[in-house]
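[1] A predicted structure for the sequence below; I have some questions about it.
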Amino acid sequence: MTETFVLITGAWHGGWGWRPVTQRLRAAGHVVVAPTLPGLADGDDPAAHSLADVVDAVVRTVEESDLHDVTLVGHSWGGYPITGAAPRLAGRLRKLVYWSAFVPTEGRSLFDEVPPAYQELFTAQAEASGDNSVTLPFEVWQHAFIGDAPEPVARLLHELLVPQPMRYFTETVAPVDFDALGVPVSYVLGEQDVALPPGEYGWNRFADRLGVPAQSVAGSHEACFTQPDALADALLKA
């Protein structure tokens, strides 16, 4: 059966980050849309948009293409825009899938949900940037985000990342009552994902927040590059 996927990236990525997965889903006969969100295209002004603008962009992506029966997937920070968009798109959604993603709760931004070391890094980067943006250092990318890739691959992909608007980390979206929304929800988690350290700040708390078990998939936080076959399969099964 043909499915329709809208894939929303995490921080520092454009829609290009999904390409290894979109190729596999399309080869299996599915419709896939992977937009680059406002502020995350090469050359965009990181100070030009708010998190609400990003939510609006996700809604437009679905409505302007008149998509229905959509599986809406959010990766990492992408959990914020898909959560904000879900109530406005409920009648068009088949399911929501959070892949190693933040699940918003009342009044808490992504900045509030990450360990103090990340808070310090993001604050220092934003203050030094001149445009209130955050650039991910290569050492953090290599060891925490994509530890299952050879160094030359990690370096090449790191060069493709764009500055992340700090506002996207500090602004909030309203949480969703998923029972009331009436849309099935799943949580997929990389087996080697240490972008958030296990324990108090680990990813499993977000599956718990949804009230669903975390479904495991091979790979790191960047399994879209390192394990695209496994990730595509996991999104189909979620």
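    Thanks, I have it.
[2] Which parts of this protein are helices?
    19-27, 51-64, 79-89, 110-113, 116-129, 138-140, 151-160, 167-170, 178-181, 204-210, 223-226, 228-237 (DSSP state H).
[3] residue nearest the centroid of this structure?
    residue 75 (2.2 Å; Cα atoms, centre = their mean).
[4] of all the helices of the chain, which lies closest to residue 8?
    helix 79-89 (5.4 Å; Cβ to Cβ). Every C-beta, even on glycine, is put in place using the N, C-alpha and C of the backbone.
[5] Mind listing residues that contact that closest one?
    8, 37, 51-52, 54-55, 57-59, 62-63, 70, 72-74, 93, 96, 98, 101-104, 110, 168, 173-176, 181, 183, 206 (Cβ atoms under 8 Å, 6 or more residues apart in numbering).
[6] Thought residue 126 was touching residue 46, still the case?
    No. With contact defined as Cβ atoms under 8 Å, residue 46 does not count as touching residue 126 (9.3 Å).
[7] got any residues that touch both of those two?
    Taking Cβ under 8 Å, 6+ apart as the criterion, residue 46 and residue 126 both touch 132-133, 166.
[8] Which one (most neighbours) among those residues?
    Highest neighbour count within those, by other Cβ atoms under 10 Å: residue 133, with 23 neighbours.
[9] coming back round to it: could you pull up the contacting residues of the nearest residue in space to the residue nearest to the centre of the chain that is not next to it in sequence?
    Nearest residue to residue 75, sequence neighbours excluded (Cβ to Cβ, 6 or more residues apart in numbering): residue 10, at 4.3 Å. Shown in contact with residue 10 (Cβ under 8 Å, 6+ apart): 17, 75-78, 101, 221.
[10] okay if I get those as JSON lines plus pLDDT and distance to residue 4?
    Output for those, formatted as JSON lines (pLDDT from 0 to 100; distance: Cβ to Cβ, whole Å):
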{"residue": "17", "pLDDT": "98", "distance to residue 4": "19"}
{"residue": "75", "pLDDT": "98", "distance to residue 4": "18"}
{"residue": "76", "pLDDT": "98", "distance to residue 4": "22"}
{"residue": "77", "pLDDT": "98", "distance to residue 4": "23"}
{"residue": "78", "pLDDT": "98", "distance to residue 4": "17"}
{"residue": "101", "pLDDT": "98", "distance to residue 4": "19"}
{"residue": "221", "pLDDT": "98", "distance to residue 4": "25"}
